[in-house]
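In: Any chance you could fold what I've pasted below:
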Amino acid sequence: MSRKVEMNVVPVGWTQMELVLLFFGWEACDPAHYWGPGVRDSYIVHYIHEGWGTVYMEGREYHLTQGQGFVILPDTVIHYEADSQEPWTYSWFGFKGVQAKAFLQRAQLSSEHPVFSAHDADTMAHLYDDMVQATTRSHPGGDVLYQSLLYRMIAELISSSPDLEEDSQLLSSKETYIRQAVQFMETRYSQRTSILDIARAVGLDRTYLSGLFKERYGKSLQSFFLEYRMNRAAELLRNPALSVSEVAHSVGYTDPLLFSKMFKRVTGVSPKGSRMRD
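Out: Residues are numbered from 1 along each chain as shown. Okay, here's the model as predicted:
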């Protein structure tokens with residue numbers, strides 16, 4: 001009989017984070033146990049501890065075993081099935097975040113290439129155990145511990161990338177520009193900063209830079225910056241000592257009404273409604 005354990009993680013203020021763990025689990029599958037075809041709304045990495053199974057994605061078929069794994073990408077149709085004779089046992093980690101896609105690109109994982117072979121099988125094999133141990137520790141830094149383990153997993157995926165050596169020698173100019181732009185936003189979001197200011201700081205035409213963000217994150221530079229500001233605002237709104245007007249000024253808006261309009265556009269609720277929901 002299939003044995004399965006799954007734990008949900010409830011992160012605090014995850015929307016403004018570059019990477020956040022949502023859930024993790026483990027399962028010793030029954031013969032021919034399957035999931036799909038279907039889609040998920042988060043990134044999920046499966047790592048195979050033993051046995052065999054098959055993954056079907058984008059018209060391709062992958063036969064995987066111990067030491068290998070696969071990634072499920074949001075809104076991508078996938079079907080996977082355990083072997084009928086030696087069914088696999090795997091663990092999984094579900095996550096989201098504004099940098100999730102970028103990290104997986106560094107690991108060269110995509111819908112066209114969703115599988116990997118672990119560079120350090122011992123580390124990957126014990127990450128689930130480390131996650132379980134973290135749940136038994138009751139201390140204020142538990143959420144940070146979860147995040148550190150998630151970053152360890154991502155680091156292992158990047159280390160397992162077949163072109164790691166080439167990638168480490170020279171980052172692409174596109175990635176460098178994107179990182180510079182994000183760093184500029186992180187330091188200037190509380191000021192009156194325009195898209196043109198960001199482009200000038202990086203040294204690119206704003207249309208071209210926006211295209212890089214569209215390619216990397218699926219959204220324009222303007223949309224990315226707006227969401228970043230509103231996610232920061234959502235975090236500040238959790239502090240009851242700050243008025244909505246003070247939060248607006250803290251994320252670069254001098255007009256509280258305009259801030260409220262933009263906040264609702266991004267989050268679906270007003271600033272006051274966000275406080276009530278929390």
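In: need the contact list for the nearest residue to Ser245 once chain neighbours are set aside.
Out: In space, and not counting its chain neighbours, Ser245 is closest to Pro256: 4.6 Å by Cβ to Cβ, 6 or more residues apart in numbering. (C-beta placed from N, C-alpha, C; glycine too.) If a contact means Cβ atoms under 8 Å, 6 or more residues apart in numbering, then Pro256 has 244-245, 248 as its contacts.
In: tell me the phi and psi of Pro256?
Out: According to degrees, to the nearest 10, the main-chain angles of Pro256 amount to phi -60, psi -30.
In: Give me the contacts around the helix or strand harbouring Met230.
Out: Assigning secondary structure by DSSP states H and E places Met230 in helix 221-236. Contacts of helix 221-236 with the rest of the structure, by Cβ under 8 Å, 6+ apart, involve 13, 15-16, 98, 181, 185-186, 189, 193, 195, 198-199, 206, 209-210, 212-213, 217, 219, 242, 247-248, 250-253, 259, 262-263, 265-267, 271, 274.
In: Using the three-state scheme, assign Val132.
Out: helix (DSSP: H, G, I helix; E, B strand; the rest coil).
In: now it: how far from Thr123?
Out: Distance from Val132 to Thr123, counting by Cβ to Cβ, to the nearest Å: 16 Å.
In: Arg192 too?
Out: 45 Å.
In: Could you check which of the two has the larger neighbour count?
Out: Each of Arg192 and Thr123 has its neighbours counted (other Cβ atoms under 10 Å); Thr123 has more, 15 against 9.
In: Report pLDDT for Thr254.
Out: At Thr254 the predicted local confidence, pLDDT, stands at 90.
In: May I have the phi/psi pair for it?
Out: Thr254 adopts backbone torsions of phi -90, psi -20, taken as degrees, to the nearest 10.
In: same check, this time on the one 3 residues further on
Out: Geometry field for Leu257 lists phi and psi as phi -70, psi -40, criterion degrees, to the nearest 10.
In: Run a quick neighbour tally on it.
Out: A count of nearby residues for Leu257, using other Cβ under 10 Å, gives 11.
In: secondary structure element for Val247?
Out: Residue-wise, Val247 maps onto helix 244-250 under DSSP H and E.
In: same question for that helix, mean pLDDT?
Out: Helix 244-250 shows an average pLDDT of 92 in the prediction.
In: the strands in the stretch 101-250 of the chain, which residues?
Out: Listed in chain order, the strands found in the stretch 101-250 of the chain under DSSP state E, counting those that start in this stretch are 115-117.
In: Please convert the buried members of the contacts of helix 221-236 into PyMOL selection syntax.
Out: Filtering these down to the buried ones (16 or more other Cβ atoms under 10 Å) takes a single PyMOL command:
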select buried, resi 13+15+16+98+181+185+189+193+195+198+199+206+209+210+212+213+217+247+248+250+251+252+253+259+262+263+266+267+271+274
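In: what sits against Leu64?
Out: 48, 52-55, 70, 88, 115.
In: ugh, wrong one, Val202
Out: Residues 177, 180-181, 184, 209 are the ones in contact with Val202 under the rule Cβ under 8 Å, 6+ apart.
In: repeat for Ala32
Out: Taking Cβ under 8 Å, 6+ apart, we find Ala32 in contact with 81-84, 87.
In: Equivalent analysis for Asp120, please.
Out: 156, 159 are the contacts of Asp120 under Cβ under 8 Å, 6+ apart.
In: now swap in Val45 and tell me
Out: 69-72, 92-93, 95, 153, 157.
In: which SSE is it in?
Out: Here Val45 is assigned to strand 43-50, by DSSP H and E.
In: beta partners for Lys96?
Out: Applying DSSP bridges to Lys96 gives these bridge partners: Val20.
In: what's the neighbour count on it?
Out: Lys96 has 18 neighbours, counted by other Cβ under 10 Å.
In: residues touching it, list them.
Out: Applying Cβ under 8 Å, 6+ apart, the residues contacting Lys96 are 14, 19-20, 22, 42-43.
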